[in-house]
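*Asks:* Test case, fold it:
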Amino acid sequence: MTIFLRISFFFLLATQMCFGQSQIKTQSDFTPPPEANKIPIELKNFGHTRIDNYFWLKDKTNPEVLKYLEEENAYCDLVMNHTKPLQEKLFNEMKSRIKEDDESATFYDNGYYYYYRTEIGKQYPIHCRKKTSLEAKEEIIFDVNKMAENYPAFVFGGYEISNDNNSAIYASNTTGSWADYNIRVKDLTSSSELPDIINKVASYTIANDNKTLFYVTIDNALRPYQLYRYVIGSNKKAELLYEEKDEMFRLSVGKTKTKDWIFLSAGSTNTSEYQFIDANKPQDDLKIFYPRHQDVDYSVYAHKDKFFILYKDSTCLNKRIYEVSTESYNDKNSWKEIVSHNSKIKLESLDLFNDYLVVYKRENGLRLLEVFTLKDMKNHLIEFPEPVYSINSGYTPDFNSTKVRYIYTSLNRPTTTYDYDMINGTSFKVKEQIIPTGFNTENYTVERLWAQAKDGKKIPLSIVYKKGLVKNQQNPTLLYAYGSYGSSSEANFNSNIFSLVDRGFIYAIAHIRGGSELGEDWYEDGRMLNKINTFTDFITCAEYLIEERFTSPDYMTIFGGSAGGLLMGAVVNMRPDLFNGVIAAVPFVDVLTTMLDSSLPLTVNEYEQWGNPNIEKYYNYIYSYSPYDNIKQQKYPNIIATAGLNDSQVLYHEPAKWVAKLRDHKTDNNIIVFKTNMESGHGGATGRFDRLKEVSLWYAFLLDRLGITN
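*Replies:* Numbering: from 1, shown residues only. As a prediction, this is how the structure comes out:
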């Protein structure tokens, strides 16, 4: 299936830390923050009444709303003005770790080698290819820098090359949204743009006749729901092939690796269904692969004469793998099980080649790669050297390749791309991330720890810190987590975080329930009527770091974005005493009101994540933790919250309302600031350097709350 995330403290003694310190400013050192008007409305459900004073902030066509957001931005600038030298220093540090003139690893597909490169001072990549040989002349397909000129935000959503290599269908938008794109066609023989422009597209692919385009459009709630067929350059109206009527389901279209089939997937959280068309016969009708059944979730991977199915139902939550001939696909009795279910190992995805099957799976929180030789199903694991690492799938589109690409990284090891030779069982390095300022992995310690929850579950923690750190409860710490949608938080290398680690921070990732790090049960135990476990797991991890003397509440800062921002909002309501500073990036904090509004993006499709609050038991449960609804008169940590005016995933008004209500209820002198990107969406700034400015602001906020000045 095809799916970023949401300090009261005195002084640091000079003997405890090796960097500068200052008198820590509090709220009373500044002019009062903006005060949003209170226009109370009553929200009634199941005999229960909620009063929302800030519901009016939802209307961004209201000039008063935009005025308020601008006032909040100005206030954030005022409060953070004295940190500008620190922000600039952080920005320059992070930028200096980026090789500005870099080139990606190349990949081979249908006669060409593809790659992208970046140039000094430029924000966006340049996508290129070379015909037949790496020594051939470079052909620039897209210079995104030129495409982004004159736009404050620009998102390039990727491209697909036609089978004859002469056209590129590409997606982009100028809103910063992740949900919808405009697609266009570029003639690569002349570098000219064709007049065809299709709006509000979520996914697309082109048939093997090089002219028939299949694409999925979105509805007003941004749900991908209609599949169209269109002949490029024709005057004919696009033909609607399929409309998904069930609001729980989202569509996605794409071509198989073999290039033989075009698949349309329809999926909800728990259930899926595939339909397909022969890519060589694009005018054929859609055929159903296997009809949808509630709580049966499957994915299809095509070989030349058979299909492989990654399958889940109530008897195999961690999935099993079947194979079936292309002639017998619709007879489930003909499916042959080739990899059985294992309650301790989750099968995540497959990569198929002519002679090999590669299975990505997860055990004890770590991803493993298993290679099967298709002629005899002999199998072996690819070995990795470290106890804490992250493996991500590389891109190997050549079906006939005997090598599979993977990307290896860890908290203290820059990202390295490898090709694994499936014939002789060896990996060789294709590309290693270069840190221009230099980076020595031996200067840092990485640990895998386990915190025990009150119900006995052991929660993995991945941490990194400078060697020589002393457990004296005085180490500044940044604890990150996500914990939703079954998305696993990987222990990836993040060069930005070393601007904190090199200042003495411990950086920790809590692999809490709601993700899938420990299998599908780990996910199930952190969603719907088990969602509270996500929040209590995070609190348990924070308490564990304190109990083990890594840090203390005065030094504990936390970070989460999107659904991870929901996590931030929930835990500061539950245990504000544990945390000094909070980064809540585009936080999903008004959960109950949002999930009651089916006209909003994602709402209906996510009933199987959070529960449908139109049903009383789910209403009551969501109300019990919804951050906005559970703000109370108490002390709160220092908080920096962000939003994107064009955010389609978490609408800007959620953090805006949250901040206004927090300020109205908090009983402390801590600082809360709120910054809205008025030009972009869920991912914030779209340029690679502009993003660093946002991160610099976040980090400067935390450092300032700890009295760290350089």
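*Asks:* Please look at residue 305 and residue 328 and confirm they touch.
*Replies:* No - counting by C-beta atoms under 8 Å, residue 305 stays clear of residue 328, with 11.1 Å between them. Bear in mind the C-beta positions are built from the backbone N, C-alpha and C, glycine included.
*Asks:* what about the two, which has more around it?
*Replies:* residue 328 (14 against 10; other C-beta atoms under 10 Å).
*Asks:* what's the pLDDT at that one?
*Replies:* For residue 328, the pLDDT comes out at 93.
*Asks:* Repeat that for residue 255.
*Replies:* 98.
*Asks:* residues near it, how many?
*Replies:* Residue 255, neighbours per other C-beta under 10 Å, totals 21.
*Asks:* For residue 555, see how far away residue 260 is.
*Replies:* 57 Å (C-beta to C-beta, to the nearest Å).
*Asks:* More neighbours: which of the two?
*Replies:* Between residue 260 and residue 555, residue 555 has the larger neighbour count (other C-beta under 10 Å), namely 25 against 18.
*Asks:* Can you pull the phi/psi pair for the more buried one?
*Replies:* Main-chain torsions, residue 555, degrees, to the nearest 10: phi -110, psi 0.
*Asks:* for residue 69, same thing?
*Replies:* Residue 69 adopts backbone torsions of phi -60, psi -40, taken as degrees, to the nearest 10.
*Asks:* How about it: what's its closest non-neighbour residue?
*Replies:* Of all residues not flanking residue 69 in the chain, residue 676 sits nearest, at 4.7 Å (C-beta to C-beta, 6 or more residues apart in numbering).
*Asks:* Check for me that residue 241 belongs to a strand.
*Replies:* Yes - judged by DSSP: H, G, I helix; E, B strand; the rest coil, residue 241 forms part of a strand.
*Asks:* can I assume it is in contact with residue 286?
*Replies:* Yes - between residue 241 and residue 286 there is a contact under C-beta under 8 Å: 6.2 Å.
*Asks:* Can you give me the buried ones in stretch 76-84?
*Replies:* Neighbour counts over stretch 76-84 (16 or more other C-beta atoms under 10 Å) mark 76, 79-80, 83 as buried.
*Asks:* brain fart, stretch 63-75
*Replies:* For stretch 63-75, by 16+ other C-beta under 10 Å, it's 65, 68-69, 72-73, 75.
*Asks:* Could you pull up the mean pLDDT of that stretch?
*Replies:* Averaged across stretch 63-75, the pLDDT comes to 97.
*Asks:* Residues in contact with it: which ones?
*Replies:* Residues from elsewhere that reach stretch 63-75, judged by C-beta atoms under 8 Å, 6 or more residues apart in numbering: 33-34, 36-37, 56-57, 59-60, 643, 645, 652-653, 656, 659, 673-676, 678.
*Asks:* and the gap between residue 581 and residue 526?
*Replies:* Applying C-beta to C-beta to residue 581 and residue 526 gives a distance of 25 Å.
*Asks:* Report pLDDT for residue 19.
*Replies:* pLDDT for residue 19: 39.
*Asks:* again with residue 234
*Replies:* Looking at residue 234, the pLDDT reads 87.
*Asks:* That one: neighbouring residues, count only.
*Replies:* 11.
*Asks:* before we move on, what about residue 378?
*Replies:* Counted with other C-beta under 10 Å, residue 378 comes out at 9.
*Asks:* Am I right that it is in contact with residue 357?
*Replies:* No - if you go by C-beta under 8 Å, residue 378 and residue 357 don't touch, sitting 11.0 Å apart.
*Asks:* Residue 561: how many residues sit nearby?
*Replies:* Neighbourhood size, residue 561 [other C-beta under 10 Å]: 25.
*Asks:* Look at residue 44 and say how many residues are nearby.
*Replies:* Residue 44, neighbours per other C-beta under 10 Å, totals 8.
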